[in-house]
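Trainee: Here's a sequence, model it:
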Amino acid sequence: MKKCVVALVSLMVALSGAVNAEETGTTTSTYRRVSTVTKTDGRGNTITNNFYYNQGAGRANAGKNTKTTTRTVKKSSGMKGDSGYAGGETRSYKKSESTYTKKKTTSQMRKYFLAHPFFQPLKGKFGSVTDISFAQNSFKFDLLNGTVWDIDPSSATYSLDTPFVYGVSSGGAKIKTNQFLVKEDFSFGISDSVAILAMAQYDSTKVKLTDWTTGEPDASTSDSGFNTFGFGLQYRFVDTNDYIGMLAAYYQNQRDTANTFMADLKFGYKIDRTTLYGLGRVSYIDLTSGNAYGAFIQDKTGDWLMMSYNTDVDSATFIEGGVGVFGVLNKYFTLNGEVLFGNYDWHNQLTLKGAFGYQPGDMFALNLYGSAVVYDSADGKVRKYYNNDVAPYSSDTQALLSTCGITSNNIYTIGDYKIKNYNEYKLGIQAILYF
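Mentor: Numbers count the residues shown, from 1 in each chain. Here you go, the predicted model:
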């Protein structure tokens, strides 16, 4: 696009020079490209104005391109004043003089696009991203085996040293986690390249166990509240005609669960109204309680089941990397797409993400997005499950335990399960403010 604009300007200069064969002298032109202009503000700071970022003191001139041409002509050429140029051209000419000046001004909309993956507020500015989303994680599984422990101290058969092992390969179910999330990210620019961030998240989570092949009733558990908060720092270390790069570090706390430390790197290449970029993220998760994590269900009777993802651990490391593209369709609409591959401690995922943005002005934008897992190595993996059964009244369970002489009113089972049809997706909308 830049080459086309420059070629068009060159063609206009060439054509205007051929108006009269008797013209002599030189032609000088100045043309400011749409893409980038470097200026300094009153404090001596360098300001980069480009298609994506309408910064600082350059804002007043960011919407116009100006072309000025000065010609010297012979008085005998017979040229007359002409005000009929379209597109905002003006020409001034006096017969008694040998020069005239033609100035052409065209409008070109530029915005600081708020849905841009490299967005952060400039110095003294605030950014707010309110993210409302629905996320679901689900998988089916088969129980492979189980070890029953009699853990009721009042039982005559109480023992933690003599487990009863039985096969439950016919058992199977589906576990589904639904989440409604409201996340607020707030940022403030302490300079044009550095911003501080704070975040908080409300979630309403329901975990449900369904489709027991044995005919057992459904079980579910729910939880809601402001369970996550954090803060961080962003540094946009380069922003030139062609390149843009950002580093970020974050801390997040998930109530009663984990402390997470994250580092992000993004680097992009600009092509006219499009940015191609790569991204990488490393997350270290410190588990604050227990030595296992996974999906957990507890009912009103006190029975609980945990389908663990990993056990005998006190931390986990997630590593993600991918590529993306951000494009400006016109002055109102944007598109963003990403392909992300991640190693999440016990499994790998390939995720696709797409977003459609609408920005009617400089201070507000809406961004609709969705993501889905298209590959997950969790399928076929065998993990551990834990089940605590209070007052096991099932006749089948009582008969099974009685064969080993166990008469406990509280039993604890450890076993293996095999994952099938692992699936994740997320849909959301972001309301972005810049002020």
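
Trainee: Can you pull out the low-pLDDT segments for the stretch 251-400 of the chain?
Mentor: Applying pLDDT under 70 to the stretch 251-400 of the chain picks out residues 391-400.

Trainee: ranges for the strands of it?
Mentor: 258-271, 274-287, 292-298, 304-311, 315-328, 333-344, 348-358, 364-376, 382-390 (DSSP state E, counting those that start in this stretch).

Trainee: Can you say which of these is nearest to Val148?
Mentor: In terms of Cβ to Cβ, the element of those nearest to Val148 is strand 382-390, at 9.1 Å. C-betas here are computed from N, CA, C, even on glycine.

Trainee: partners of that closest one, with directions?
Mentor: With DSSP bridges as the test, strand 382-390 is paired with strand 304-311 (antiparallel), strand 410-434 (antiparallel).

Trainee: What lies in contact with the first one?
Mentor: With contact meaning Cβ atoms under 8 Å, 6 or more residues apart in numbering, strand 304-311 is reached by 141, 175, 209, 219, 291-298, 316, 345-347, 383-388, 417.

Trainee: The residue lying closest to Tyr251 once chain neighbours are set aside: which element?
Mentor: Counting by Cβ to Cβ, 6 or more residues apart in numbering, Tyr251 lies nearest to Gly230, which is 5.4 Å off, once chain neighbours are set aside. Element membership of Gly230, judged by DSSP states H and E, is strand 219-239.

Trainee: if we can go back for a sec, quick check: bridge partners of the residue nearest to Tyr251?
Mentor: Applying DSSP bridges, one finds that Gly230 bridges with Met199, Gln252.

Trainee: Surely it touches Ala249?
Mentor: No. Using Cβ atoms under 8 Å, Gly230 is not in contact with Ala249, being 10.8 Å away.

Trainee: higher neighbour count, the two?
Mentor: Each of Gly230 and Ala249 has its neighbours counted (other Cβ atoms under 10 Å); Gly230 has more, 19 against 14.

Trainee: Can you give me the pLDDT of that one?
Mentor: Model confidence at Gly230, given as pLDDT, is 96.

Trainee: From Leu433, how far out is Gln298?
Mentor: From Gln298 across to Leu433, the span is 39 Å (Cβ to Cβ, to the nearest Å).

Trainee: contacting residues around stretch 427-435?
Mentor: Here stretch 427-435 makes contact (Cβ under 8 Å, 6+ apart) with 112, 114-115, 119, 121, 125-135, 181, 362-370.

Trainee: Now which of the residues you listed would you call buried?
Mentor: Neighbour counting over the contacts of stretch 427-435 (16 or more other Cβ atoms under 10 Å) leaves 112, 114-115, 119, 121, 125, 127-129, 131, 133, 135, 181, 365, 367, 369 as the buried ones.

Trainee: Tell me which two in those are the farthest apart.
Mentor: For the buried ones among the contacts of stretch 427-435, the maximum inter-member distance is 30.4 Å, found between Lys125 and Ala135 (Cβ to Cβ).

Trainee: Tell me who's in contact with Thr413.
Mentor: 146-149, 386-389.

Trainee: Among those, name the buried ones.
Mentor: Buried by 16+ other Cβ under 10 Å: 146, 148-149, 386-389, out of those.
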